[in-house]
Structures are given as C-alpha cells and as structure tokens.
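**Student:** the following comprises the amino acid sequence and a computationally predicted model.
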Amino acid sequence: MPILIVATSNPGKLQEMQAYLTDPALSGWELKLKPAELEIEETGATFLANACLKAAQVAQALGEWAIADDSGLSVDALNGAPGLYSARYADTDQARIARLLTELETADNRRACFTCAVAVARPDGSIAIQTEGICEGEILKSTQGSGGFGYDPVFYVPEHQMTFAEMPPELKHEVSHRGRAFQALLPELKQIKG
Ligand code: IMP
C-alpha cells in the first residue's frame, strides 16, 4: 500500500485533514504524519505555491508521496491581510483575533474569505495534484461559538447564519475552504491509486 505523508504540524488543521483523509476514496493509502523535525519554510508568494513547496520538499526528503495544504484569511478592508501571514499575525489564536478586531474597528466593509490550497507530490518531489477552495464570509465585531480553531469564532458565513466556530464539524467540513479543496482533490487522488 503506498504511503502518503501528511505534511502539517498545526493540530487544528491536522484534525480537520484527518477527517477528510478517512474518506473511502483513500482506503488504498497508508497515511503517516510528517516527522516534527522536518520543518519547511513557507516562502511562496501564494497559498498554492506554499502548498506545492511543502508537499514537494517533504516528499523528496522522505522519498514518499506527500500531501500539504496552505490556508489563510483575506480581509477586504485590510487589502487581503493577514493572507499568507494568517498564522504569523500574532502569537496565539486569541491574540490573532484581537488584532484583527482592532484593525477592523472602524471598518464598515467586513467582507473576508478563507482560501485553502492543497497539493500532492510524488516521491521525486514533482507535483501530481493541486486544488484550491474558497469560503466567503464576514468578520464579526466579537466572537461567537467555541468550536474549530484559529479565526473561526469571528468568521461568519451568511449562507448558514453562523460562524465557523458555531458549525457542527460536519457542516464546516462540507462548506469550508478546506472542505472544498479536499472535495476537488479526493477524486483525483483516488485515480492515482487506481
Ligand atoms: P498555515 O496554513 O499553516 O500557514 O496557517 C494558516 C492560518 O490561517 C492558521 O494558523 C489559522 O490561523 C488560519 N486558518 C486557516 N484555516 C482556518 C480555518 O479553517 N479556521 C480558522 N482559521 C484558519
């Protein structure tokens, strides 16, 4: 059975990725976590470039198939920030949310979107699949809900009238940027396995 290395070390993302990766489409792969000591710098200029470079470098370093994602929040009134720097916007989830709310204090336009790019690399580091998912929403003025991770408690999805942090995991799984990127990826991954 081919091995697929999951190249992430963010526990919140890992938990969500594991749920997608238990899809029956992947029953032919043996999933393994990237060794913690293998750190890849995110130097790409886009989410997709970062997902590809993480997957490629992990695959090459270990000589196995690898899957990686890169994701972040882009806020209209902040010209797309925090964007690629979503994880580095402050030190903790709470501080990241606090900074975001401060920066948006006087903003009327609260529109934002999450983007997730996913890439799968072959053992030689070449990219076999790349997909992207987007989820549009609004940034609330205070937190709502306690589920999820990261910016979830302030990211409101009008279509479902709740924040990501209020959604049952199955709903976030379905409608989120990560959910959409994985929905596009899984059939392609299944084909590679045959
Ligand atoms: P990276 O993909 O590891 O660079 O991190 C992306 C950062 O964006 C995370 O650390 C979170 O702060 C944020 N983020 C990405 N996806 C989500 C999500 O589904 N909910 C909340 N925050 C997210």
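**Tutor:** Yep, it's here.
**Student:** and the ligand, is stretch 48-57 touching that?
**Tutor:** No - for stretch 48-57, no contact with the ligand is found by C-beta under 6 Å from any ligand atom; the gap never falls below 6.9 Å. (C-beta placed from N, C-alpha, C; glycine too.)
**Student:** quick one: low-confidence parts of the chain?
**Tutor:** Within the chain, the set of residues satisfying pLDDT under 70 comprises 193-194.
**Student:** and the closest residue to the ligand within the chain, backbone torsions?
**Tutor:** Across the chain, the shortest distance to the ligand (C-beta to the nearest ligand atom) belongs to residue 150, at 2.4 Å. The phi and psi torsions at residue 150 (degrees, to the nearest 10) take the values phi 50, psi -130.
**Student:** distance check, it against residue 25.
**Tutor:** Taking C-beta to C-beta, to the nearest Å as the measure, residue 150 falls 26 Å from residue 25.
**Student:** more crowded one of these two?
**Tutor:** Taking neighbours as other C-beta atoms under 10 Å, residue 150 and residue 25 compare with residue 150 leading, 22 against 18.
**Student:** hey, what's the residue nearest the centre of the chain bridged with?
**Tutor:** Nearest to the mean C-alpha position of the chain, counting by C-alpha atoms, centre = their mean, stands residue 71 at 4.0 Å. Applying DSSP bridges to residue 71 gives these bridge partners: residue 116.
**Student:** what is the longest strand of this structure by residue count?
**Tutor:** Here the longest strand in the chain is taken by residue count, with DSSP state E as the criterion, and it is strand 127-139.
**Student:** which positions in that strand come out as buried?
**Tutor:** 127, 129-133, 135, 137-139 (16 or more other C-beta atoms under 10 Å).
**Student:** tell me which two of those residues sit farthest apart.
**Tutor:** When these are compared pair by pair using C-beta to C-beta, the two farthest from each other are 127 and 138, 33.5 Å apart.
**Student:** on that earlier part again, quick one: which of the buried residues of strand 127-139 is nearest to residue 19?
**Tutor:** Out of the buried residues of strand 127-139, the member with the shortest distance to residue 19 (by C-beta to C-beta) is residue 133, at 14.7 Å.
**Student:** what's the closest non-adjacent residue to the closest one?
**Tutor:** Once its chain neighbours are removed from consideration, residue 133 has its nearest residue in residue 180; the separation is 2.9 Å (C-beta to C-beta, 6 or more residues apart in numbering).
**Student:** A strand includes that neighbour, no?
**Tutor:** No - under DSSP: H, G, I helix; E, B strand; the rest coil, residue 180 sits outside any strand and is assigned helix.
**Student:** name all residues that make contact with it.
**Tutor:** With contacts defined as C-beta atoms under 8 Å, 6 or more residues apart in numbering, the neighbours of residue 180 are 116, 133-135.
**Student:** what does residue 87 give?
**Tutor:** Residue 87 is in contact with 10, 72, counting by C-beta under 8 Å, 6+ apart.
**Student:** can you tell me the SS state at the residue of the chain most remote from its centre?
**Tutor:** In terms of distance from the mean C-alpha position of the chain, residue 106 ranks first, at 28.4 Å (C-alpha atoms, centre = their mean). Local secondary structure at residue 106 is given as coil here, using three-state DSSP.
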